[in-house]
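Enquirer: give me the fold of what follows.
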Amino acid sequence: MSEGESKDAGTRGPMDIIAVMAALPHRYPMLLIDRVVSMVPNTSIHAVKAVSVNEPFFQGHFPARPIMPGVLIVEAIAQAAGILAVESLSLAGTGRLVYFMGIDGAKFRQPVEPGCLVDFHVEFTQVRGSICKFAGKAYVEGKLCAEAQCTAMISEAPKN
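Expert: The predicted structure follows:
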């Protein structure tokens, strides 16, 4: 939230893990957002992940020096974007899904290790029909760890 912006300006939050799971179809071990701190629908979201040494990916990446894979940091940015889209576009309960379509400009600045609390800040940059674009950044203790721009598509519920 920028200086001077009030919670009255449409800011929502927080969302606990139950609300996050209601917004996303992901489940363990692929659910990478633990909580939403705040969200301004149609604008931005601040979500977090507490990175534990018990994460399954640390068994192989890397046992001697556990580091969260960059691709999973980008996936967490995409999941935060998905929550923003679901909540902004009133998709909850519709069965419609937000599919990750593309990534641009991914940059990794510093490793994310066990014990870190990762803050994800994602903003809508464009919405055209069923296509949405987002810009996201991941921070640990205020230091930029990763950033990427993501494209997603809103899709109808799959037919069973």
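Enquirer: output the contacting helices and strands for the helix ranked longest in the chain.
Expert: Using DSSP state H, we find that the single longest helix of the chain is helix 70-88. Packing partners of helix 70-88 (3 or more CB pairs under 8 Å, 6 or more residues apart in numbering; DSSP states H and E): helix 17-23, strand 35-40, strand 44-50, strand 97-108, strand 117-128, strand 131-140, strand 143-155. Glycine gets a C-beta too; all of them are placed from N, C-alpha and C.
Enquirer: residue ranges with poor pLDDT in this structure?
Expert: 1-9 (pLDDT under 70).
Enquirer: residue nearest the centroid of it?
Expert: In the chain, the residue lying closest to the centroid (CA atoms, centre = their mean) is residue 80, at 2.1 Å.
Enquirer: ok, now which ones touch that one?
Expert: For residue 80, the contacting residues are 33, 36, 45, 47, 120, 122, 136, by CB atoms under 8 Å, 6 or more residues apart in numbering.
Enquirer: out of those, which is nearest to residue 14?
Expert: residue 36 (5.9 Å; CB to CB).
Enquirer: contact partners for that closest one?
Expert: 13-15, 19-20, 45-48, 80, 83.
Enquirer: go again with 7 Å.
Expert: Contacts of residue 36 were listed using CB atoms under 7 Å, 6 or more residues apart in numbering, and they are 13-15, 20, 45, 47, 83.
Enquirer: for burial, what's the neighbour tally of residue 71?
Expert: Neighbour count for residue 71, taken as other CB atoms under 10 Å: 12.
Enquirer: also residue 128?
Expert: Look at residue 128: counted by other CB under 10 Å, it has 7 neighbours.
Enquirer: quick check: beta-bridge partners of it?
Expert: Beta-bridge partners recorded for residue 128 (DSSP bridges): residue 131.
Enquirer: I'd say residue 26 and residue 79 touch.
Expert: Yes: using CB atoms under 7 Å, residue 26 is in contact with residue 79, at 6.4 Å.
Enquirer: the two: which is more packed in?
Expert: It is residue 79, of residue 26 and residue 79, that has more neighbours when counted by other CB under 10 Å, with 25 against 15.
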